[in-house]
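J.: Below: sequence and its predicted model.
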Amino acid sequence: MASRFVDRAVIQVAAGNGGNGCSSVHREKFKPLGGPDGGNGGNGGDVLLVVDRNVHTLLDFHFRPHASAGNGRQGQGSHRAGAAGETLELKVPAGTVVMTEAGEVLADLTTPGTTFVAAEGGRGGLGNAALASRARKAPGFALLGDPGEARSLVLELRSVADVGLVGFPSAGKSSLISVLSAAKPKIADYPFTTLVPNLGVVTAGDTVFTMADVPGLIPGASEGKGLGLDFLRHIERCAVLVHVVDCATFEPGRDPVSDVDALETELARYTPGLGGELADRPRVVVLNKIDVPDAAELAELVRPEFEKRGLPVFEISTATRQGLRELTYALGAIVDKFRAEQPAPESERIVLRPRAIDDSGFSVEADPEELGGFIVRGARPERWIRQTDFGNDEAVGYLADRLNRLGVEEELARMGAERGCPVTIGGVTFDWQPSTPGTIQHLSGRGTDIRLEDRSRVSAAERKEARRIRRDGVPEADEDQ
Ligand SMILES: Nc1nc2c(ncn2[C@@H]2O[C@H](COP(=O)(O)OP(=O)(O)OP(=O)(O)O)[C@@H](O)[C@H]2O)c(=O)[nH]1
Ligand SMILES: [Mg+2]
């Protein structure tokens, strides 16, 4: 089966939504209102990218670009928590670079086992049992589940080939990989036969290494001539670069030394996105086609020039297989040395998250579109908005309490916000009604649940207020109306 080398894929990932919390009141014979017992919603499942050593291409994503994880279930009465949504693991090859559509690199996945959280599942909402506190004994509301993250990501495979072959078109790069490995690339006597990189596995004694054959390069490749330099990202991380030089073809103005010089000029102009270090990779020169008598002669002639530059030179023929063994072992030794110099591979499972864990802050700024208005930004306040059931006054009161505790009200006041001014958080705009210390109980009143309304039990806030009135003598004005 001919496998196509798909090295770039755009995927749409959607994590699971968090389940809603449940608002429920415990019922028992003779004890009809036994307290809140609504369970929490389950968390939505994450979409993960996991580096797997048995995956070599991004082909699967080409056919299935949409991936979504499971939603968390809703909480239920009797303290039953909703089940968490199922996590979805997508296997990617080592060498996968994850980017946003704008090209920002989010992760560089090189080690098998490394896991990248591509989309984070939404948190399940708390049920009313978990929301109960001394001040809020019987909450008549629950928090909504947070929607899962959804985004599109660009995956790019930058093969971690050990040996990269570079050369002019028709130099014999594909021929070389075909005689050294099981790879069967197309070989022909016209330029640009190879249009996508080929990867081959080469064995040299105990050393097994991969070799990448990239499309031929020509002068001006860095300006997009020929097939350009795009394919060089496949060999950005190789241990050694092999210049494959055609010694049999005669063209005016070309000879092995000027061919290598011309391609070095192009390589120097290659500016990889990831800070690859092509410039300091060791080089090897392979003088090919020495089965042709004139080529053998030319090879002998130019060899000293390369040796003078300190470059190892190999004279070979892919046609007669001359010199291949020596070349293979020499490459194996360079790869071995390179591997020994690399930091030890990570043994544990690393989990990479695109965002920083610290989401505790918030900021307040003047609304550029609404005179006298303000915008509050921050992961937590924005999440709290999404968790709020705006149809439930008590839930809205709870939100106000949370914002107040975080210091949002204080900051708004400091910024000069006036009562009734529009404040926007996470796309929702309110009229700002600051609560002043001592009136907080208006925000955390009892539930709107009719069954709770006719209870005569005194809440902690009411007791506190009563104590305050006994002490100060004046009932607080109702700030919220
Ligand atoms: N005589 C001779 N011909 C060779 C040798 N190696 C390759 N060729 C011929 O050179 C031509 C080009 O070979 P390819 O392996 O396709 O060259 P390439 O470098 O992969 O070329 P592009 O993919 O176009 O960049 C083919 O006709 C091969 O048969 C060799 O050792 N001796
Ligand atoms: Mg080729």
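T.: All right, it came through fine. Ligands and ions are numbered 1, 2, ... in the order given.
J.: ok, now which ones touch the closest residue to residue 324 other than its chain neighbours?
T.: Distance criterion CB to CB, 6 or more residues apart in numbering; nearest residue to residue 324, sequence neighbours excluded, is residue 316 at 5.9 Å. The way it works is simple: take the backbone N, C-alpha and C, and place the C-beta from them, glycine included. By CB atoms under 8 Å, 6 or more residues apart in numbering, the residues touching residue 316 are 176, 286, 287, 288, 290, 322, 323, 324, 327.
J.: try 6 Å this time
T.: Contacts of residue 316 were listed using CB atoms under 6 Å, 6 or more residues apart in numbering, and they are 286, 288, 322, 323, 324, 327.
J.: Next one: residue 128 from residue 258, what distance?
T.: Using CB to CB, to the nearest Å, residue 128 is found at 80 Å from residue 258.
J.: the more surrounded of these two?
T.: Set side by side, residue 128 and residue 258 give different neighbour counts by other CB atoms under 10 Å, the larger being at residue 128 (30 against 12).
J.: Mind jotting down where the strands sit in the stretch 201-350 of the chain?
T.: 207-213, 240-246, 283-288, 313-315 (DSSP state E, counting those that start in this stretch).
J.: what lines up beside the shortest one in the sheet?
T.: Looking back up the chat, that one is strand 313-315. Partners of strand 313-315 in the sheet, by DSSP bridges, are strand 283-288 (parallel).
J.: how big is the angle separating the strand it pairs with from strand 240-246?
T.: Orientation note: strand 283-288 sits at an angle of 30 degrees relative to strand 240-246 (axes from the mean of the first three to the mean of the last three CA atoms, to 10 degrees).
J.: Return the distance of strand 283-288 from the chain's centre.
T.: Relative to its chain's centre, strand 283-288 lies at 38 Å (CA atoms, centre = their mean, to the nearest Å).
J.: Point out the residues in the stretch 51-200 of the chain that sit beside ligand 2.
T.: Within reach of ligand 2 by CB under 5 Å from the ion, the stretch 51-200 of the chain has these residues: 174, 193, 194.
J.: Near residue 335, how many other residues are there?
T.: Applying other CB under 10 Å, I find that residue 335 has 22 neighbouring residues.
J.: now the helices for the stretch 351-481 of the chain?
T.: 379-387, 393-406, 408-414, 450-453, 460-472 (DSSP state H, counting those that start in this stretch).
J.: Lowest mean pLDDT across these, which one is that?
T.: With a mean of 43, helix 450-453 has the lowest mean pLDDT of the helices of the stretch 351-481 of the chain.
J.: Spatially nearest residue to residue 19, not counting backbone neighbours?
T.: residue 41 (2.9 Å).
J.: still on that earlier bit, let me have the residues of the stretch 51-200 of the chain next to ligand 2 in a markdown table, adding distance to residue 308 and secondary structure as columns.
T.: Converted to a markdown table, those look like this (distance: CB to CB, whole Å; DSSP: H, G, I helix; E, B strand; the rest coil):
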| residue | distance to residue 308 | secondary structure |
| --- | --- | --- |
| 174 | 30 | helix |
| 193 | 33 | coil |
| 194 | 31 | coil |
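J.: Contact partners for the residue nearest to residue 180 when sequence neighbours are not counted?
T.: Among residues not flanking residue 180 along the chain, residue 202 sits closest, at 4.8 Å (CB to CB, 6+ apart). With contact set as CB under 6 Å, 6+ apart, residue 202 has these partners: 180, 181, 209, 211.
J.: Indicate which one of the strands of the stretch 201-350 of the chain is closest to ligand 2.
T.: Evaluated over these, closeness to ligand 2 peaks at strand 207-213, with 5.9 Å, by CB to the ion.
J.: Okay, buried residues for the closest one please.
T.: Buried residues in strand 207-213, counted by 16 or more other CB atoms under 10 Å: 207, 209, 210, 211, 212, 213.
J.: that older thread, which one of the residues of the stretch 51-200 of the chain next to ligand 2 is nearest to residue 61?
T.: residue 194 (23.3 Å; CB to CB).
J.: what about that closest one, how many neighbours?
T.: Using other CB under 10 Å: residue 194 sits among 23 other residues.
J.: distance of the closest residue to it other than its chain neighbours from ligand 2?
T.: Leaving aside its sequence neighbours, residue 194 sits nearest to residue 215 (CB to CB, 6+ apart; 4.9 Å). The gap separating residue 215 from ligand 2 is 7 Å, by CB to the ion, to the nearest Å.
J.: Which residue is the nearest non-sequential neighbour of the residue of the chain found nearest ligand 1?
T.: When scored by CB to the nearest ligand atom, the chain has residue 216 as its residue closest to ligand 1, at 2.7 Å. Nearest non-adjacent residue to residue 216, counting by CB to CB, 6+ apart: residue 169, 3.2 Å away.
J.: can you count the residues close to that neighbour?
T.: Neighbour tally, residue 169, other CB under 10 Å: 17.
J.: list the contacts for it?
T.: Neighbours of residue 169 in contact, by CB under 6 Å, 6+ apart: 191, 192, 216.
J.: Look up the residues forming beta bridges with the residue nearest to residue 180.
T.: Beta bridges link residue 202 to residue 209, judged by DSSP bridges.
J.: What sits closest to residue 233 if chain neighbours are left out?
T.: Here the residue nearest residue 233, using CB to CB, 6+ apart, is residue 158, at 4.7 Å.
J.: tell me the secondary structure for the residue nearest to residue 19?
T.: coil (DSSP: H, G, I helix; E, B strand; the rest coil).
J.: what's the residue of the chain closest to ligand 1 sitting at in phi/psi?
T.: phi -60, psi 150 (degrees, to the nearest 10).
J.: Return the distance of it relative to residue 339.
T.: For residue 216, the distance to residue 339 (CB to CB) stands at 28 Å.
J.: Settle it for me: which of these two has more neighbours?
T.: Between residue 216 and residue 339, counted using other CB under 10 Å, the more crowded position is residue 216 (24 against 13).
J.: pretty sure residue 317 is touching residue 292, no?
T.: No: in this structure, residue 317 is not within contact of residue 292 by CB atoms under 6 Å, at 8.1 Å.
J.: The two: which is more packed in?
T.: Using other CB under 10 Å, the more surrounded residue of residue 317 and residue 292 is residue 317, with 23 against 17.
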